[in-house]
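Novice: quick one: sequence and predicted model below, then my questions.
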Amino acid sequence: MRKSLSVLVAALVMLAAGMPAAAQTSARRPNVLLIMSDDLNNNLGTYGHPLVKTPNIDRLAQRGVRFDRAYNQFPLCNPSRASLLTGLRPDTIRIYELVTQFRQNRPTAVALPQLFKNNGYVAARVGKIYHYGVPGQIGTPGLDDPPSWDVTVNPHGVDKDVEEPLLTNYTPGRTQAGNLGSALAFHASTARDEDHTDGKVASETIALLEANKDRPFFIAAGFYRPHCPYIAPQKYFDMYSLDKIKVPQVSPQQLAQYPDPAFFTRPPNWGLTEQQEREVIRAYYASISFMDANVGRLLDALDRLKLTDNTIVVFMSDHGYNLGEHGQWMKQMLFEESARGPLLLAGPGVRAKGKGSPRTVEYLDLFPTIAELAGLTPPGDLEGRSLVPLLKDPMAAWNRPALTQVRRGTAADGFFMGYSIRTERWRYSEWQDGTRGTELYDEKNDPGEMHNLAKDPKYTSTVTEMKALLRSTRGLKSQQTSVGNNQP
């Protein structure tokens, strides 16, 4: 570890020595610390969860604005991360899976950290920001984007190097060629926090903060938890009693109302018993609290280095995550749990402190927001909208919906897409332009999306309006209608 940090410091000293004059100008602009979690839904204390403990993320939320309805554009790691970091929709960059690096399709795109790098900032990454497979590619650059960074660090800890053989795996059939990235598997570790990969992400990020405290920086810290396998120190498991964990209930009648493509996997709950589900959910919660502790180390470092007042801090996940709702686990669904994720912003330019915004926003909106807060001119082709008005007044008028999509099918049988449009009141989803099913949910009266109203004659006009809104948001020819974000 010390050798790694000394190499980093040496590299950054060399960077500073050759830093252009533009860096001196940008030194008056705010720093950026982007903190990303992996596969994290809104099971956070600051979002009102009654059980999950996230005191450090809660602390950050008190410094800034919490977005209660923030939606990713594609609930799968690579498409979501490529989209939010380029500010372009998945259909624009044509990224729908885990193996294509976005520059294969969009070679001249200027990514978010690259914009800062081009304007004299030191741009550095620790851990997973662009996609790579977890846990198989931990310690590698994966699908990283070299033009985005001056410095990159790819840590790996005991969770990867030692503890994978110790896992309890309730879905061995999903483990292919040693890949545990889609298995419901967990382990309560006896190792120290700082010996885990996430602990090393925190340590390496703190070293970068220390090395750059007198220079403008864009530093991205990519944590791996709570992505499966759910490995965290034992003390975080001890924070949660199994008898207090609620398991979502679902019936065959309930499942029958959803179109087949709405599901990522079958059978319901992957064949786990209720007790096994509780154990898996506890491990997920433990992984969240472990990640939160490492976020706390970063916030403490900002305070210690007197960087807090001049640093824009973003905390987010790449997408949401299902924990048995609708009989489903993980991501790649258009249900609320998968499409929505946490998004918090604090620091210079964030005037509303400790407030939550109910407005429906997209991850695409992050790029123009951070650029505006830093006084930089973003690329002209961005497809999001700056959230700065909501950072001043979280209740400000806002008339944009959120669009999320996933892909179904196979190369052999033919791929097709599912699209979902979300306003503050409604979610409308359709599969292959509606030929393979549609869904409509009243999010005010049915936030669990338990009642699909798409075929109810009472909601025909709402379906028609939401369908038109979906088409217009996708850029297809259609007359946009009155169903907006602020409809009661």
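Specialist: In hand now; what should we look at?

Novice: how many residues are close by Phe416?
Specialist: Neighbour count for Phe416, taken as other CB atoms under 10 Å: 14. (Each C-beta comes from the backbone N, C-alpha and C, glycine too.)

Novice: no wait, Thr86
Specialist: For Thr86, the count of nearby residues is 26 (other CB under 10 Å).

Novice: ok, now which ones touch it?
Specialist: Neighbouring residues of Thr86 by CB atoms under 8 Å, 6 or more residues apart in numbering: 93, 102, 106, 109, 111-112, 367.

Novice: same check on Arg436?
Specialist: Contact partners of Arg436, counting by CB under 8 Å, 6+ apart, are 259-261, 416.

Novice: out of those residues, which is most surrounded?
Specialist: Tallying neighbours with other CB under 10 Å puts Pro261 at the head of the contacts of Arg436, with 22 neighbours.

Novice: list the contacts of the closest residue to it other than its chain neighbours.
Specialist: Nearest in space to Pro261, with sequence neighbours left out and distances taken as CB to CB, 6 or more residues apart in numbering, is Trp431 at 4.3 Å. Trp431 is in contact with 259, 261-262, 408, 416-418, 437-438, counting by CB under 8 Å, 6+ apart.

Novice: in strands, which of those appear?
Specialist: 408, 416-418, 438 (DSSP state E).

Novice: could you dump those residues to TSV with distance to His227 and pLDDT?
Specialist: Formatted as TSV, the ones in strands among the contacts of Trp431 follow (distance: CB to CB, whole Å; pLDDT from 0 to 100):
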residue	distance to His227	pLDDT
Arg408	22	96
Phe416	27	97
Met417	25	97
Gly418	23	98
Thr438	31	98
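
Novice: can you select the buried ones among those residues for me in PyMOL?
Specialist: Per 16 or more other CB atoms under 10 Å, the buried members of the ones in strands among the contacts of Trp431 correspond to this PyMOL selection:
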select buried, resi 408+417+418+438
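
Novice: dump the ones in strands among the contacts of Trp431 to a markdown table, plus distance to Met450.
Specialist: Converted to a markdown table, the ones in strands among the contacts of Trp431 look like this (distance: CB to CB, whole Å):
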| residue | distance to Met450 |
| --- | --- |
| Arg408 | 22 |
| Phe416 | 25 |
| Met417 | 25 |
| Gly418 | 19 |
| Thr438 | 16 |
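
Novice: which one of the ones in strands among the contacts of Trp431 is nearest Ser357?
Specialist: Closest to Ser357 out of the ones in strands among the contacts of Trp431 is Gly418 (26.9 Å), distances taken as CB to CB.

Novice: hang on, Val295 packs against Pro55?
Specialist: No - taking contacts as CB atoms under 8 Å, Val295 lies outside contact range of Pro55: 9.7 Å.

Novice: neighbour count: those two, which is higher?
Specialist: Legend: neighbour count by other CB under 10 Å for Val295 and Pro55, higher for Val295 (23 against 13).

Novice: name the SS class of that one, please.
Specialist: At Val295 the chain is in helix, as set by DSSP: H, G, I helix; E, B strand; the rest coil.

Novice: hang on, Arg359 is in a strand, isn't it?
Specialist: Yes - under three-state DSSP, Arg359 falls within a strand.

Novice: which element is the closest residue to it other than its chain neighbours on?
Specialist: Using CB to CB, 6+ apart and skipping the chain neighbours, the partner closest in space to Arg359 is Trp398 (4.1 Å). Of the helices and strands defined by DSSP states H and E, none includes Trp398.

Novice: can you check what pLDDT the model gives the residue nearest to Leu334 when sequence neighbours are not counted?
Specialist: Closest residue to Leu334 apart from its sequence neighbours, by CB to CB, 6+ apart: Ser420 at 4.0 Å. The model reports Ser420 with a pLDDT of 98.

Novice: contacting residues for Ser420?
Specialist: Ser420 neighbours (CB under 8 Å, 6+ apart): 334, 339, 403-405, 427-429, 439, 470.

Novice: next SSE after the helix or strand that it is a member of?
Specialist: In the assignment (DSSP H and E), Ser420 maps to strand 414-422. For strand 414-422, the following helix or strand on the C-terminal side (DSSP H and E) is strand 426-431.

Novice: kindly export that following strand (C-alpha atoms) in CSV.
Specialist: Extracted C-alpha coordinates of strand 426-431, given in CSV (Å, rounded to 0.1, in the frame of the first residue of the first chain):
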residue,chain,number,x,y,z
TRP,A,426,-47.0,7.9,-13.1
ARG,A,427,-44.7,5.2,-14.5
TYR,A,428,-45.6,3.9,-18.0
SER,A,429,-43.5,1.1,-19.5
GLU,A,430,-43.8,-0.7,-22.8
TRP,A,431,-41.9,-3.6,-24.4
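
Novice: buried stuff in the helix or strand hosting Leu298?
Specialist: Here Leu298 sits within helix 274-304, counting by DSSP H and E. Within helix 274-304, the residues that qualify as buried by neighbour count (16+ other CB under 10 Å) are 276-299, 301-302.

Novice: what's the answer for stretch 157-169, then?
Specialist: 157-160, 163-164, 167, 169.

Novice: how about stretch 364-376?
Specialist: In terms of neighbour count (16+ other CB under 10 Å), stretch 364-376 has its buried residues at 364-374.
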